[in-house]
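# build me a structure from this.
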Amino acid sequence: MTESLYPPYTILLVDDEEAWLRSLSMTLSMMAGINNTIRCSDSRQVMGFLEKSQIGLVLLDLNMPHLSGQALLPLLLEKYPEVPVIIISGLNQVTTAVECMKLGAFDFFVKTVEQERLIQGVQRAIKMIDLQMENRAFSCRMLDDRILHPEAFAGIITQNPSVRAIFRYIEAIAASSQPVLITGESGVGKELLAKAIHRLSGRRGKMVSLNVAGLDDNVFSDTLFGHVKGAFTGADASRRGMIEDSADGTLFLDEIGDLSTASQIKLLRLLQEGEYFALGSDVPKRLRSRVLFATHHDLSSLQACGQFRKDLYYRLCVHHLTVPPLKDRAEDIPLLLDHFLEEVSRELGKKKPTAPPELYVLLANHTFPGNIRELKSMVYDALSVHQSRMLSMDSFKRAIDSHPNQPTAAAEQRSGEASLFSATEPLPRLQELSELVIAEAMRRACGNQSVAARLIGISQPALSKRLKKTNTNQP
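Model (predicted):
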């Protein structure tokens with residue numbers, strides 16, 4: 001497989017010295033992985049290059065025959081104002097540097113003594129160009145409600161507006177080389193979104209996934225970076241790490257909130273420097289993968305208690321997606337239930353059963369602490385023992401009873417208050433409270449007494465008796 005070009009646009013190197021151009025091109029490739037460059041030794045051809053090629057950045061020498069860099073700079077900035085120009089001079093000319101910067105040059109470097117600073121300047125320019133391109137793409141996508149590539153999200157069943165907004169965000173940032181942090185509760189489908197990002201990125205390499213939870217620092221380093229022969233006892237042969245396996249593709253690190261402090265430091269250096277060392281080697285290798293991260297933890301809370309580095313957090317979340325839990329996506333429950341019934345029935349070799357209408361009501365009132373993964377497990381359990389045409393609700397009820405609904409944020413807030421009632425108003429009578437609770441349960445259960453009884457923790461006959469007394473048997 002041929003090496004992919006980086007950056008995705010061409011960098012034009014302009015200098016009348018061919019030897020210097022070759023040297024600069026090799027230095028950019030070896031030290032920074034920048035290999036998408038073309039060389040121009042005749043300054044009179046520069047404008048033609050920009051007309052014919054997708055030039056994103058120009059490195060321009062000042063002192064050239066025919067047309068000097070100082071004369072060419074205003075022409076470039078006038079006709080191609082979106083293309084940054086870095087000036088390179090053989091002499092340390094402060095006055096000239098100031099004049100070029102005033103005209104609009106991105107930066108100024110002396111070629112003979114500032115090679116490392118020049119490379120850093122090129123990297124800064126590339127980051128700025130990438131952010132500008134991402135901002136333009138993001139603005140266009142957020143103004144358009146359409147999903148342009150629905151095939152990339154085919155495995156994600158949803159009609160929730162928040163999730164569809166995430167799809168549009170992914171379409172805007174998919175081509176970026178910047179990291180992405182995906183947060184959300186366990187079971188919401190974070191890895192599916194990571195796969196969608198990879199599919200839309202257009203990268204030729206494969207996606208490699210690693211769950212880092214529970215890995216100690218040595219195992220993490222060996223798995224990620226690989227090792228050379230003799231690096232440690234038992235290292236009888238060299239082994240590639242996952243970074244190398246995902247070259248020109250995507251590296252997905254799941255449960256990043258569980259990473260040890262020592263491993264966090266190594267990961268931070270990888271993201272900052274863009275290079276790494278295989279264990280036992282002193283030869284650096286370039287990071288050529290797009291890195292995606294996911295966690296169910298609140299990284300802000302982990303930072304506050306010193307369990308997660310702030311500098312690493314800000315490196316991770318250049319782009320940040322938060323996936324809503326299933327309890328906030330009630331409109332997706334019927335779609336997901338029907339999808340899983342079809343999928344599991346096919347897997348078990350059974351005919352797809354009919355779900356009773358009250359099952360949808362029952363599930364809509366469950367908070368699903370395990371999210372989509374929990375719903376799929378419920379369907380597996382139900383279909384494993386299913387015999388008749390109509391799907392039984394018994395296994396669903398048992399699963400819900402084993403994981404009772406958690407209190408909502410509003411309920412937790414109320415429980416911390418001194419009182420639910422105003423001190424200046426008379427207290428409602430118990431009969432009034434009972435009627436209000438029953439009426440609300442019937443509303444949420446869409447009039448189904450069995451489901452309503454489960455919501456308030458009484459039997460269905462007891463609820464029926466109370467409804468007859470209060471005459472409130474309406475949803």
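# now the strands for the stretch 101-250 of the chain?
Per DSSP state E, counting those that start in this stretch, the stretch 101-250 of the chain carries strands over the ranges 107-110, 180-183, 207-211, 226-227, 239-240, 250-254.
# what confidence value was assigned to residue 357?
With respect to pLDDT, residue 357 scores 87.
# right, I mislabeled it, should have said residue 95
With respect to pLDDT, residue 95 scores 85.
# element containing it, please.
Assigned by DSSP states H and E, residue 95 belongs to helix 94-103.
# quick one: that helix to chain centroid distance?
Helix 94-103 has its C-alpha centroid displaced from the chain centroid by 41 Å (CA atoms, centre = their mean, to the nearest Å).
# what's next to that helix, contact-wise?
The contact list for helix 94-103 (CB atoms under 8 Å, 6 or more residues apart in numbering) reads 62, 70, 73, 74, 77, 87, 89, 107, 108. Glycine gets a C-beta too; all of them are placed from N, C-alpha and C.
# number of residues surrounding the nearest residue to residue 258 once chain neighbours are set aside?
Computed as CB to CB, 6 or more residues apart in numbering, the closest residue to residue 258 that is not its neighbour in sequence is residue 213, at 4.1 Å. Other residues lying near residue 213 total 13 when counted by other CB atoms under 10 Å.
# tell me the one of the contacts of helix 94-103 nearest residue 399?
Checking the contacts of helix 94-103 against residue 399 with CB to CB, the nearest one is residue 107 at 61.4 Å.
# can you pull the contacts of the closest one?
86, 87, 101, 121, 124, 125.
# and it, how far from residue 278?
34 Å (CB to CB, to the nearest Å).
# circling back: show me the contacts of residue 107 that map onto helices.
Within the contacts of residue 107, residues falling in helices by DSSP state H are 101, 121, 124, 125.
# can you redo those residues as CSV with neighbour count?
Listed next are those as CSV, based on neighbours: other CB atoms under 10 Å:
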residue, neighbour count
101, 13
121, 19
124, 14
125, 21
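# wait, which of the strands of the stretch 101-250 of the chain is closest to residue 12?
Proximity to residue 12 (CB to CB) singles out strand 107-110 among the strands of the stretch 101-250 of the chain, at 15.3 Å.
# pull the helix or strand with minimum mean pLDDT from this protein.
Sorting the helices and strands of the chain by mean pLDDT, DSSP states H and E puts helix 409-415 at the bottom, at a mean of 46.
# what helices or strands is the next helix or strand after that helix leaning on?
Sequence order places helix 430-444 as the next helix or strand after helix 409-415, per DSSP H and E. Using 3 or more CB pairs under 8 Å, 6 or more residues apart in numbering; DSSP states H and E, the elements in contact with helix 430-444 are helix 449-456, helix 460-470.
# chain center to the shortest one, what's the gap?
Right, the one you point to is helix 449-456. Distance of helix 449-456 from the chain centroid (CA atoms, centre = their mean) equals 39 Å.
# just the longest one next, same as before
The gap between where helix 460-470 is centred and where its chain is centred comes out at 50 Å by CA atoms, centre = their mean.
# show me what that helix is packed up against.
helix 430-444, helix 449-456.
# show me where the stretch 301-450 of the chain has its helices.
Using DSSP state H, counting those that start in this stretch, the helices assigned to the stretch 301-450 of the chain run over residues 310-316, 333-348, 357-364, 371-384, 394-402, 409-415, 430-444, 449-456.
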